[in-house]
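A.B. asks: Give the three-dimensional model of this entry:
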Amino acid sequence: MNELQLIQSKIYEIRGQKVILDKDLAEMYGTETGQLKRAVRRNIERFEGEDFMFELTKEELSRCQIGTLNKGSGSNFKYMPFAFTELGVAMLSSVLNSKISIEINRGIMRAFVAVRHQILNPTTDKFTALKQEIKDLKEYIEETFTDYNDINEDTRIQLELINKTLAELQVQKTLSDKPRNPVGFVKPK
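C.D. replies: You can find the predicted model right below:
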């Protein structure tokens, strides 16, 4: 898995926003989660508003797709995790000022842009799906017409047999309609 895919796998949707959790960011930056949170708290004015960062609630943690509560070290939180939006990650680069954090931030920003691009422009997937649907419809129509032709051939043969049988019955009726000589004693007139 390349770096961009690894970062994209750490992006979650919480409260309708694409976010990365503080523990994942700390792991990427090669620091401890507590150290990252302390740096954010020292500069909290940079992260005001939910469009930069917000703290998760226990309810959100228990029902979200992250599954951090099921892990041994994440079962009891003293402090709830921070969720950083794209803007918050950009702001984080001004708080964490090291070469590693700058390089990681570039990758994270690229991942956010790639995710946004995938959401806004899924045209290739729609085109491929539409192409496959057309192909499936063509196959279905060909099978239907083949079955229709088979039915028509069967019907044609049956109609020929019916006509032949009717012709034979008509010949028999014509033969039976000829006047026959009466059987028995006939009185002379």
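A.B. asks: Going by C-alpha atoms from here, please, whenever you check contacts or count neighbours.
C.D. replies: Will do.
A.B. asks: to the chain's geometric centre, what's the distance from the helix or strand containing Phe127?
C.D. replies: Assigned by DSSP states H and E, Phe127 falls within helix 123-177. Put simply, helix 123-177 sits 37 Å off its chain's centre (C-alpha atoms, centre = their mean, to the nearest Å).
A.B. asks: can you tell me the average pLDDT over it?
C.D. replies: Averaging pLDDT along helix 123-177 gives 81.
A.B. asks: Report all helices and strands that that helix contacts.
C.D. replies: When contacts are defined as 3 or more C-alpha pairs under 8 Å, 6 or more residues apart in numbering; DSSP states H and E, helix 123-177 sits against none of the other helices and strands.
A.B. asks: distance of Lys99 from Lys18?
C.D. replies: Applying C-alpha to C-alpha, to the nearest Å, the value for Lys99 to Lys18 is 25 Å.
A.B. asks: And for Asn149?
C.D. replies: Distance from Asn149 to Lys18, by C-alpha to C-alpha: 55 Å.
A.B. asks: and those two? which has more neighbours close in?
C.D. replies: Lys18 (17 against 12; other C-alpha atoms under 10 Å).
A.B. asks: tell me the contacts of that one?
C.D. replies: 11-12, 85-86 (C-alpha atoms under 8 Å, 6 or more residues apart in numbering).
A.B. asks: quick one: it is in a strand?
C.D. replies: Yes - remark: Lys18 belongs to a strand, assigned using DSSP: H, G, I helix; E, B strand; the rest coil.
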